[in-house]
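Chemist: Predicted model and sequence follow; I will ask about them next.
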Protein chains: 2
Amino acid sequence: VRYQLYYWPTIQGRGEFVRLALEDAGADYADVARLPASAGGGVGAMMKILAAKDLRTRPFACPFLLAGRQCIAQAANILQFLGPRLALAPASEAGRLWVHQLQLTIADLVVEVHDTHHPVGSGLYFEDQKPEARRRTRSFLAERVPKFLGYFESLLATGAKPGGWTVAGRFSYIDLSLFQVIAGLRYAFPQAMRRSGRRYRHLAALHDRVADRPRIAGYLASPRRIAFNEDGIFRHYAELDA
Amino acid sequence: VRYQLYYWPTIQGRGEFVRLALEDAGADYADVARLPASAGGGVGAMMKILAAKDLRTRPFACPFLLAGRQCIAQAANILQFLGPRLALAPASEAGRLWVHQLQLTIADLVVEVHDTHHPVGSGLYFEDQKPEARRRTRSFLAERVPKFLGYFESLLATGAKPGGWTVAGRFSYIDLSLFQVIAGLRYAFPQAMRRSGRRYRHLAALHDRVADRPRIAGYLASPRRIAFNEDGIFRHYAELDA
């Protein structure tokens, strides 16, 4: 296979942004940690690379991608690498920097989503930081979600956008990532997202258009799409979605 | 001027990673928000751009850089743009992805540094989240600092590194960023960093070599280098450095 993706096998997490790009492009890839150990897969295979001190570009963490002799980590960086190769990014340097910049903004949002259920430390259980999680989620939903989604909504709403994609004139990986953000927030905070009503209607429309893309629709209906769950980044805890 | 940097005028923050690159390269730049309003500077000038809905690549937040007709945001993305232009990045695509990947790993660390004093929410005062900050800092110092610094230390320690720089064979912006991380952690957590002793000795040596570069030494001694303070990312609170 051409691309070997390494990420936790039982969650969407940060790896999902990469999976969506590979799936939408119909790329030749393996999701290695989800393969059986007998086929060179499993978490063990991933850990071995993360511990390989002789690997010149050893990643700090997953997700990472092996492509030929290259090993590339950081979800946004992997997408930047794949973008031109999968025809999911603009051709110009300026365009690629712009899409990447938007992806890094999504990465910032994803950190804040994770911090809603783990404000005190990712090494502790959610159960050990519930009151703090409630406080953090309150300010996240009241201040941060409107700031982030309001920003992307305004990008989608302004200017002529043929096809309705985020970057003028063409579909790119940022559209897939925004789909994932909306899907994730709806899973984690269904009440809060419902209350926001038509405030993010361009984002909602973008979400639907992405979900309707044939390869994405096929992916979402397949066992390759891991369901959202409470080990991932977008978690649903009824007590936080108030 | 060739480059116009926009960032908060009274803190190092995320903008400092960009300032260090511009300074080390002796680049022709203005730190716009630190100029008087009469010269087109000040925070107002920055806010105006952040609110400019007709700007095609409007940033979500500062820092951002104006270069000719381009507007580029996200510290790591700005460095990726400046790298080849300031001779602070490898020439190959693979090399540039690698340096950027390391910069994104530093960006992750920087978020966690910020969360030590603001675990419950950046919209609240430190005084309103002190017990949570103590808990978060404890796990940050015990688990996260060793993980991040241990990773970079091991990169520096393995393989032949002519000149001792992070990326084999050449000085790059990642060396400047690692200098900043070490300086910041020492400011915020002097006791904890002292206790770590010679555990990160390659990083300590890198810090010193960067500080000795003539342009960086000049910058650090100049009023252009804002002092660390308790509005920035690296903050010193005695009660957290236990």
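Modeler: Arrived safely, thanks for sending.

Chemist: When you work out contacts or count neighbours from here on, use the C-alpha atoms and nothing else.
Modeler: Fine.

Chemist: which one's the longest helix in chain A?
Modeler: helix A:93-117 (DSSP state H).

Chemist: starting at the chain centroid, how far to that one?
Modeler: In terms of CA atoms, centre = their mean, to the nearest Å, the centre of helix A:93-117 is set 9 Å apart from its chain centre.

Chemist: Please see if the very next helix or strand once past that helix touches chain B.
Modeler: Sequence-wise, the next helix or strand downstream of helix A:93-117 (DSSP states H and E) is helix A:130-139. Yes - for helix A:130-139 and chain B, the contact criterion (CA under 8 Å from any CA of the partner chain) is met by A:132, A:133, A:135, A:136, A:139.

Chemist: List the contacts of the closest residue to the fourth one other than its chain neighbours.
Modeler: When you say that, I think you mean residue A:136. Spatially, and ignoring its direct neighbours in sequence, residue A:136 is nearest to residue B:120 (4.7 Å; CA to CA, 6 or more residues apart in numbering or on different chains). The neighbours of residue B:120, taking CA atoms under 8 Å, 6 or more residues apart in numbering or on different chains as the test, are A:119, A:120, A:132, A:133, A:135, A:136, B:129, B:132.

Chemist: Could you do residue A:234 as well?
Modeler: Per CA under 8 Å, 6+ apart, neighbours of residue A:234: A:13, A:113, A:114, A:184, A:185, A:187, A:188, A:228.

Chemist: show me where chain A has helices.
Modeler: Ranges of helices within chain A are A:15-24, A:42-50, A:75-85, A:93-117, A:130-139, A:145-157, A:173-188, A:190-195, A:201-211, A:214-221, based on DSSP H.

Chemist: Now do the lowest-mean-pLDDT helix or strand in chain A: everything it contacts.
Modeler: One helix or strand of chain A scores below all others by mean pLDDT, DSSP states H and E: helix A:130-139, with a mean of 93. Identification of contacts with helix A:130-139 by CA under 8 Å, 6+ apart yields A:115-120, A:126, A:239-240, B:119-121, B:123, B:132.

Chemist: now stretch A:46-58
Modeler: Contacts for stretch A:46-58 (CA under 8 Å, 6+ apart): A:6-7, A:32-33, A:59-62, A:71-72, B:98, B:154-155, B:158-159.

Chemist: For PyMOL, what selects the buried ones among those residues?
Modeler: Filtering these down to the buried ones (16 or more other CA atoms under 10 Å in any protein chain shown) takes a single PyMOL command:
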select buried, (chain A and resi 6+7+32+33+59+60+61+62+71+72) or (chain B and resi 98+155)
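
Chemist: Among the contacts of stretch A:46-58, which ones are in strands?
Modeler: Mapping these onto strands (DSSP state E) picks out A:6, A:71, A:72.

Chemist: Could you pull up the residues touching the first one?
Modeler: Contacts were defined as CA under 8 Å, 6+ apart; by that measure residue A:6 touches A:31, A:32, A:33, A:46, A:62, A:63, A:64, A:65.

Chemist: Let's see that with 10 Å instead.
Modeler: Contact analysis of residue A:6 by CA atoms under 10 Å, 6 or more residues apart in numbering or on different chains lists A:15, A:30-34, A:41-43, A:45-47, A:49, A:61-66, A:73.

Chemist: Specify the beta-bridge partners of it.
Modeler: residue A:64 (DSSP bridges).

Chemist: Next: the last one.
Modeler: In this structure, residue A:72 bridges to residue A:65 when assessed by DSSP bridges.

Chemist: Now do the contacts for it.
Modeler: Contacts of residue A:72 (CA under 10 Å, 6+ apart): A:5, A:57-59, A:62-66, A:78-79, A:81, B:94, B:97-98, B:101.

Chemist: separation between residue A:35 and residue A:4?
Modeler: To residue A:4, residue A:35 is 11 Å away according to CA to CA, to the nearest Å.

Chemist: more neighbours, those two?
Modeler: Legend: neighbour count by other CA atoms under 10 Å in any protein chain shown for residue A:35 and residue A:4, higher for residue A:4 (18 against 15).

Chemist: got a list of what the closest residue in space to residue A:178 that isn't next to it in sequence touches?
Modeler: Take residue A:178 and drop its neighbours on the chain: the residue closest to it by CA to CA, 6+ apart is residue A:207, 7.1 Å away. By CA under 10 Å, 6+ apart, the contact set of residue A:207 is A:175, A:176, A:177, A:178, A:179, A:180, A:181, A:182, A:183, A:201.
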